[in-house]
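1. One predicted model, sequence on top.
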Amino acid sequence: SQQGEEDPQALSIQEGENATMNCSYKTSINNLQWYRQNSGRGLVHLILIRSNEREKHSGRLRVTLDTSKKSSSLLITASRAADTASYFCATLTGGGADGLTFGKGTHLIIQP
Amino acid sequence: DGGITQSPKYLFRKEGQNVTLSCEQNLNHDAMYWYRQDPGQGLRLIYYSQIVNDFQKGDIAEGYSVSREKKESFPLTVTSAQKNPTAFYLCASSFSNRPGTDTQYFGPGTRLTVL
């Protein structure tokens, strides 16, 4: 079953604007990860946030985690056309070598 | 895509035939995974392996088989028992039993079409 659910399903913004995507999950987690997938390609890891962390930054990416609400958000600042992709949240509930559970993703379109 | 390769990129097979998808990694990772992705959907775990000669079923293992004879290789066989095999298949690997290294690295994927 899907653990994470991203919201919105699709998002279209102008280049230079900020993009925010949300992820909700159902059970306790070890960590939560965000991945990007360009059309027809493999996934690229963006950022990992552990259950005892509340916020994490990486370049133009900012991820927050609220374990009380079982939710996370991914903010991409100053968006670029190259950011056009699908973004997935994934949760790790096992001991490290278990598989990730992915949501259905948010499809982000950056219009020039 | 890191140090993970999948072949072939596109694969066409007739219904009723078994087909094996290749996944190789040179990252010295202990754990390897197979996921399936259907259009507009997230990934679903098929099988995973924590060490050589050991593997575990994921959420949708029926109709699939794997082997892990070498650390670098984790081939997936889609058998004729898989009722809806047409999909995009992604292989991934990660360090296991190492705190703080839970990131999974993905291959470029194989798109399987069963005619």
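-> Yep, that arrived. Being a predicted model, the structure only gives us computed values, none of them experimental. Numbers count the residues shown, from 1 in each chain, chains lettered A, B, ... in the order given.
2. If you drop the residues flanking it in sequence, what lies closest to the residue most central in space within chain B?
-> The C-alpha lying nearest the average C-alpha coordinate of chain B belongs to B:W34 (C-alpha atoms, centre = their mean; 2.6 Å). Ranked by C-beta to C-beta, 6 or more residues apart in numbering or on different chains and with sequence neighbours excluded, the top spatial neighbour of B:W34 is B:I46, at 4.3 Å. Just so you know, the C-beta spots here come from the backbone N, C-alpha and C atoms, and that holds for glycine as well.
3. Report pLDDT for that neighbour.
-> Note for B:I46: predicted pLDDT of 94.
4. ok, now B:T101?
-> We have a pLDDT of 54 for B:T101.
5. Could you do A:G96 as well?
-> The per-residue pLDDT of A:G96 was computed as 55.
6. Now for the nearest residue to B:Q17 once chain neighbours are set aside, how many residues are close by?
-> When the adjacent residues along the chain are set aside, B:Q17 lies closest to B:S80, with 6.6 Å between them (C-beta to C-beta, 6+ apart). In terms of burial, B:S80 registers 15 neighbours under the definition other C-beta atoms under 10 Å in any protein chain shown.
7. quick one on the thing from earlier: centre of the chain to the helix or strand harbouring the residue nearest to B:W34, how far?
-> Following DSSP states H and E, the helix or strand that holds B:I46 is strand B:43-49. Centre-to-centre, strand B:43-49 and its host chain are 7 Å apart (C-alpha atoms, centre = their mean, to the nearest Å).
8. contact partners of it?
-> Residues from elsewhere that reach strand B:43-49, judged by C-beta atoms under 8 Å, 6 or more residues apart in numbering or on different chains: A:43, A:88, A:90, A:97-102, B:31-37, B:55-61, B:64, B:66, B:68, B:74, B:76, B:89-90.
9. Likewise for stretch A:19-26?
-> Identification of contacts with stretch A:19-26 by C-beta under 8 Å, 6+ apart yields A:3-8, A:11, A:13, A:32, A:34, A:69-76, A:79, A:83, A:87, A:89, A:91, A:103, A:106, A:108, A:110.
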